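J.: structure for the following, please:
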Amino acid sequence: MTARAGTAFDIAGAARRIDDLLRAAARDHRRAPAIDFMGRVWRYGALDTRVDRAAAGLQRIGVVHGTRVGLCLPNTPYAVMFYFAVLRAGGIVVNYNPLYVERELAFAIGDSGTEIMITIDLAVIYPKLARVAAQTGLKKLVVCPMAGALPLLKGVLYPWLRRRDSVTPARDDITLRYADLMRNDGRPAPVVVDVDDVAVLQYTGGTTGTPKAAALTHANITCNCAQVVAGMGMAGRNRVLGVLPLFHVFAMTTVMNVAVDTASLMILLPRFELRDVLATIARTRPTMFPAVPTIYTALLAAAAKQKMSLGSIRLCISGGAPLPVETRQKFMALTGCELMEGYGLSETSPVVTFTPPGGRYKNGSVGVPVAGTVVEIRDPEEPGRVLEPGARGEICIRGPQVMRGYWNRAAETAAVMADGALRTGDIGYVDDDGYLFLVDRIKDVIIAGGYNVYPRVLEEALYQHPAVQDAVVIGVADAYRGQAPKAFVTLKDGAAATPAELLAFLGGYVSKIEMPKEVEIRATLPKTLIGKLSKKELVAEEAAKIEVE
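T.: Okay, here's the model as predicted:
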């Protein structure tokens, strides 16, 4: 089955250099606020000027066309500034998770060929990068001061009140302080960049679970930005709340690039802390709020205990994980805003589909393709065969947002492409109206006694129980069936349920073949930095149990 976007899309018109988005915003809206960070506001004209100065500084230390420059930064103005500065200088941005351990940092530096790293003087980030820099041969480690991003009074007091949070950068040949980088005439040399040149290396497990970098071009990213803006019907400037980390591809597009393309305000927070988020919402009254389901769930839980004002929010897009129907309905009732569910991957810059604003919402669906995008359902065993409507198969994507390939990995790239379409590794189906429904990841399918069991089906059933807050299902070893499902859940505050009760409840939703062998209730479940529920830790725990036995 093939689902096509319902509207035409001018790919040639949408494909631009990414840094041109900022040029245009600064030209047409110079005095408009671009970033609000902890109460300090940066305007588009000033931001563009700083980007020029940073780009000139980067060129002075060796950045030329194609130089890989790593960004290992939390959500701060520096993350936005250096993203555009690297691209303006002609380089390629390599996004790094600041919580990577040294082994992960070293691997990505070597794999991508990162020569220069931009970071910040926080104790949880800088010291490990300093050690890795010496091991990997980084040419320069540029260190930004956290105090310099804060409002004046907070910046003055920060070294005294938060002295344990920051460290003093070394004085050596590798380390370069931000102030020294920025000491130049602010006139970067013009660099010829084609829209089909690689702009960002985004590390991902991909469809095979091996860390590799999706090579996203300027055209990939700016086209996807235009697709999102058009699909959301974003008229005029917005105030976009950026809690999701900008180094993650979801926030890179739906927070940063979309905000700049529409000359909107980015309201940045370095991490999700519920108290800070609520205070920031009250202070700034955001109109748009991209997030993951666990964040919306946390806000709903807080709303049940205290009065809060979320009425300014008009548009939300949920991605990264399945959005429970109950969460969507309650959040929309609380805010009166449109909460759309989307689907995407690092390999697609990332947005592929979302539920149309003001349009028909179907429970369990991630919506319809964005403009210029084709979604095909193919036979996983015969990738050349497109399946009939309603049939479950591998989701394959065609569109201007599909990556060039995996960086320096020709074999892995060839393995995920089928006749020019990206094989996502996700199982799903498209209905007669063109709506896409996700079933599960191919690699997550549990083979129980020869039958395919999809964890997502069980997770969605568990979310129907009024006591369940979060649910994760994995496959565990089973002497009789080879594999069997096991469910892990957390309960809502004040709610009660036993494993036996949850198993009995599931009996009304799933077949005997799909029934978990066990339900384990926990106080918390592992999550990724952006708040997605994570299975790998649970899988490792279960595997360790077998080794002990």
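
J.: okay, buried residues for stretch 331-339 please.
T.: For stretch 331-339, the neighbour count (16 or more other Cβ atoms under 10 Å) marks F331, L334, T335, C337, E338, L339 as buried. The way it works is simple: take the backbone N, C-alpha and C, and place the C-beta from them, glycine included.

J.: hang on, V69 in a strand?
T.: Yes - counting by DSSP: H, G, I helix; E, B strand; the rest coil, V69 is found in a strand.

J.: which regions of the stretch 301-450 of the chain sit below the pLDDT cut-off?
T.: Residues of the stretch 301-450 of the chain that meet the criterion pLDDT under 70 lie in 449-450.

J.: coming back round to it: tabulate the buried residues of stretch 331-339 (JSON lines), appending secondary structure and distance to A479.
T.: Output for these, formatted as JSON lines (DSSP: H, G, I helix; E, B strand; the rest coil; distance: Cβ to Cβ, whole Å):
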{"residue": "F331", "secondary structure": "helix", "distance to A479": "43"}
{"residue": "L334", "secondary structure": "helix", "distance to A479": "47"}
{"residue": "T335", "secondary structure": "helix", "distance to A479": "49"}
{"residue": "C337", "secondary structure": "coil", "distance to A479": "50"}
{"residue": "E338", "secondary structure": "strand", "distance to A479": "49"}
{"residue": "L339", "secondary structure": "strand", "distance to A479": "44"}
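
J.: can you pick out the most distant pair from those residues?
T.: For the buried residues of stretch 331-339, the farthest-apart pair by Cβ to Cβ is L334 and E338; their separation is 12.9 Å.

J.: from the buried residues of stretch 331-339, which is closest to K517?
T.: F331 (33.4 Å).

J.: quick check: the gap between G236 and E394.
T.: G236 is 39 Å from E394, where distance means Cβ to Cβ, to the nearest Å.

J.: for V86, same thing?
T.: According to Cβ to Cβ, V86 stands 35 Å off from E394.

J.: G236 and E394: which has the busier surroundings?
T.: Using other Cβ atoms under 10 Å as the criterion, G236 and E394 rank with E394 on top: 22 against 8.

J.: bridging residues for the more buried one?
T.: Beta bridges link E394 to R378, I427 when assigned by DSSP bridges.

J.: OK, contacts around it?
T.: By Cβ atoms under 8 Å, 6 or more residues apart in numbering, the residues touching E394 are I377, R378, D379, P380, P383, R423, T424, G425, D426, I427, I442.

J.: try 6 Å
T.: When contacts are counted by Cβ atoms under 6 Å, 6 or more residues apart in numbering, E394 touches R378, P380, R423.

J.: excluding chain neighbours, what is closest to the last one?
T.: The spatially closest residue to R423, leaving aside those adjacent along the chain, is V416, at 4.8 Å (Cβ to Cβ, 6 or more residues apart in numbering).

J.: let me know whether the one you found touches T424 as I believe.
T.: No - the pair V416 / T424 is not scored as a contact, 8.0 Å apart, by Cβ atoms under 6 Å.

J.: more crowded one of the two?
T.: T424 (24 against 21).

J.: let me know the next secondary structure element after the helix or strand containing the more buried one.
T.: Take DSSP states H and E as the rule and T424 turns out to sit in strand 421-430. The helix or strand immediately downstream of strand 421-430 is strand 436-441, counting by DSSP H and E.

J.: ok, the buried residues of stretch 331-339 vs T297, which is closest?
T.: Ranked by distance to T297 (Cβ to Cβ), these are led by F331 at 8.6 Å.

J.: if I look at the closest one, how far off is V366?
T.: 17 Å.

J.: what of Y178?
T.: Taken as Cβ to Cβ, the span from Y178 to V366 is 41 Å.

J.: neighbour count for those two, which is higher?
T.: Neighbours per residue (other Cβ under 10 Å) separate Y178 from V366, with V366 holding more: 25 against 22.

J.: that one is in contact with L436, isn't it?
T.: Yes - counting by Cβ under 6 Å, L436 is a contact partner of V366 at 5.4 Å.

J.: common neighbours of these two, please.
T.: T353.

J.: re earlier: neighbouring contacts of the strand holding T424?
T.: Against strand 421-430 from outside (Cβ under 6 Å, 6+ apart): 1, 3, 207, 347, 376-377, 390, 392, 394-398, 402, 416, 436-442.

J.: send me it as CSV with only the CA atoms.
T.: As requested, the backbone C-alpha atoms of strand 421-430 are provided in CSV (Å, rounded to 0.1, in the frame of the first residue of the first chain):
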residue,chain,number,x,y,z
ALA,A,421,13.0,4.2,-0.9
LEU,A,422,14.4,4.1,2.7
ARG,A,423,13.6,0.9,4.5
THR,A,424,12.8,2.1,8.1
GLY,A,425,12.8,-1.2,9.9
ASP,A,426,9.4,-0.4,11.3
ILE,A,427,6.3,-2.5,10.8
GLY,A,428,3.0,-0.8,10.0
TYR,A,429,0.1,-0.5,7.6
VAL,A,430,-1.8,2.2,5.7
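
J.: any idea of the angle it forms with strand 436-441?
T.: Relative orientation of strand 421-430 and strand 436-441, computed by axes from the mean of the first three to the mean of the last three Cα atoms, to 10 degrees: 110 degrees.

J.: centre of the chain to strand 421-430, how far?
T.: Distance of strand 421-430 from the chain centroid (Cα atoms, centre = their mean, to the nearest Å) equals 19 Å.

J.: cool, and stretch 78-89?
T.: 18 Å.

J.: residues in contact with it?
T.: Stretch 78-89 is contacted from outside by 18-19, 22, 50-51, 54-55, 58-59, 63, 69, 71, 73, 93, 118, 144, 188, 199, 246, using Cβ under 6 Å, 6+ apart.

J.: state which helix of this structure is the longest.
T.: Using DSSP state H, we find that the single longest helix of the chain is helix 44-60.
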